[in-house]
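Student: when you get a sec, could you give me coordinates for this:
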Amino acid sequence: MPIKIPDKLPAKNILESENVFVMDESRAIQQDIRPLKIVIFNLMPLKITTEAQIMRVLSNTPLQVEVDLLMTRTHAPKTTPREHLANFYKTFEEVKQSKYDGMIITGAPVEHLEFDEVTYWDELKEIMEWGRRNVTSTLHICWGAQAGLYYHYGIPKYHLGHKLFGVFNHDVEDKKEPLLRGFDDMFFAPHSRFTGVRKKDIDKIPGLKILAQSEDAGVHIVISPDKRLIFVTGHAEYDPYTLRDEYFRDLEKGDDIAIPENYFIDDDASNDIIVKWRSHASLLFTNWLNYYVYQETPYNNEEIH
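Tutor: Below is the predicted model of the structure:
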């Protein structure tokens, strides 16, 4: 089954050009099936790019997925056209009476700020609390994972002293957890961040479990005791060129940026890119949708609590 997205969303043309099966609204209404309702709280600055990335990894499943896009009410994005936001995004006020099978909270470029200094922190806290009662499973990505661990469990983030930037190897810590079903014992994932969380803080929380970590990138995947909250500190959803574009953008700005590790052939930015994480990304999102959303959510999602 495909992912169902609005007819004129730019991601539709991007995904179709990659031979990804998408279904627009006009065709989806002819199918007699209840799709999974997923809300994506998109905090990334390049929203159109992020939409395509996440919808790409949500599409590789036999389940039909219906997506709502959520934006902040308290912070006006500057890098996405207002018309796009008006046509395709909702605010929390518009969705808070709804129930969702799944929610994705993306990363955000606000790592230099303490959580309570982020302009939309109160709004994000309200949404995370609402999600506990109105969403079957929530997947947090990068800064979203750090924010979720801090809000739900008081786990702090730490500045790394440098930008963790590149594609890093990770070890599977729990081979029996369905989220990692089909994973190799070691797998790669992209990271791009200045902050992180520490294993010692997570180990203090009863039932909170680390599913994957890296010698170089630290804690990567964490799951809550009730398995309704999943925290991923990396960016499995990134497309092949995301780190490259970020690297050259920062160079043009004059930032002191190191070349992304384990990314270009021979670590030479003039060479091609080695994509090492595509299969892991597909498995991660497919397993999440199947085992933590579809298998757990009630058929009548009004029964979610």
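Student: and stretch 263-270, how far out from the chain middle?
Tutor: Here stretch 263-270 is found 26 Å from its chain centre; the criterion is CA atoms, centre = their mean, to the nearest Å.
Student: same question for that stretch, mean pLDDT?
Tutor: When pLDDT is averaged over stretch 263-270, the result is 96.
Student: kindly export that stretch (C-alpha atoms) in CSV.
Tutor: Presented in CSV, the C-alpha positions along stretch 263-270 are these (Å, rounded to 0.1, in the frame of the first residue of the first chain):
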residue,chain,number,x,y,z
TYR,A,263,30.5,9.8,3.9
PHE,A,264,32.5,10.7,0.8
ILE,A,265,34.6,8.1,-0.9
ASP,A,266,38.2,8.4,0.7
ASP,A,267,36.8,11.3,2.8
ASP,A,268,37.3,13.6,-0.2
ALA,A,269,34.4,16.0,-0.8
SER,A,270,35.1,16.0,-4.6
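Student: how many neighbours does Asp250 have?
Tutor: 15 (other CB atoms under 10 Å). From N, CA and C alone the C-beta is placed, and that goes for glycine too.
Student: tell me which element it falls in.
Tutor: Element membership of Asp250 [criterion: DSSP states H and E] is helix 242-253.
Student: packing partners for the helix or strand that comes right after that helix?
Tutor: Following helix 242-253 in sequence order, the next helix or strand is helix 278-287 (DSSP H and E). Helix 278-287 sits against helix 47-58, strand 186-196, with contacts defined as 3 or more CB pairs under 8 Å, 6 or more residues apart in numbering; DSSP states H and E.
Student: can you redo those as JSON lines with mean neighbour count and distance to Gly107?
Tutor: What follows is the helices and strands packed on helix 278-287, written out as JSON lines (neighbours: other CB atoms under 10 Å; distance: least, CB to CB, whole Å):
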{"stretch": "helix 47-58", "mean neighbour count": "23", "distance to Gly107": "9"}
{"stretch": "strand 186-196", "mean neighbour count": "21", "distance to Gly107": "8"}
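Student: distance to Ala217 added to those, as JSON lines?
Tutor: Below are the helices and strands packed on helix 278-287 laid out as JSON lines (distance: least, CB to CB, whole Å):
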{"stretch": "helix 47-58", "distance to Ala217": "19"}
{"stretch": "strand 186-196", "distance to Ala217": "5"}
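Student: mind listing what's buried in the helix holding Asp250?
Tutor: Thr242, Leu243, Arg244, Glu246, Tyr247 (16 or more other CB atoms under 10 Å).
Student: next, find the distance separating the last one from Ala258.
Tutor: As judged by CB to CB, to the nearest Å, Tyr247 and Ala258 stand 9 Å apart.
Student: now do the shared contacts for the two.
Tutor: By CB atoms under 8 Å, 6 or more residues apart in numbering, Tyr247 and Ala258 have these common neighbours: Phe165.
Student: near Leu289, how many other residues are there?
Tutor: 24.
Student: no no, Ser59
Tutor: Neighbours of Ser59 (other CB under 10 Å): 22.
Student: got it, and Asn300?
Tutor: Applying other CB under 10 Å, I find that Asn300 has 9 neighbouring residues.
Student: kindly report the same for Ser214.
Tutor: 20.
Student: returning to that earlier point: same list (the helices and strands packed on helix 278-287) but as JSON lines, adding mean pLDDT and distance to His162.
Tutor: Formatted as JSON lines, the helices and strands packed on helix 278-287 follow (pLDDT from 0 to 100; distance: least, CB to CB, whole Å):
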{"stretch": "helix 47-58", "mean pLDDT": "93", "distance to His162": "24"}
{"stretch": "strand 186-196", "mean pLDDT": "97", "distance to His162": "8"}
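Student: out of the ones you listed, which gets nearest to Tyr294?
Tutor: Relative to Tyr294, the nearest member of those by CB to CB is helix 47-58, separated by 12.1 Å.
Student: where exactly do the helices run in the stretch 51-200 of the chain?
Tutor: Ranges of helices in the stretch 51-200 of the chain, per DSSP state H, counting those that start in this stretch, are 82-88, 92-95, 121-134, 143-153, 199-202.
Student: can I get the second one in CSV, CA atoms only?
Tutor: This means helix 92-95. Output of helix 92-95 as CSV, limited to C-alpha atoms (Å, rounded to 0.1, in the frame of the first residue of the first chain):
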residue,chain,number,x,y,z
PHE,A,92,-2.0,22.2,17.3
GLU,A,93,-5.3,24.0,17.9
GLU,A,94,-6.7,22.4,14.7
VAL,A,95,-5.7,18.9,15.6
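Student: helices or strands up against it?
Tutor: strand 65-70, helix 121-134.
Student: what packs against the shortest one?
Tutor: Counting by 3+ CB pairs under 8 Å, 6+ apart, the packing neighbours recorded for strand 65-70 are strand 3-5, strand 36-41, helix 47-58, strand 89-90, helix 92-95.
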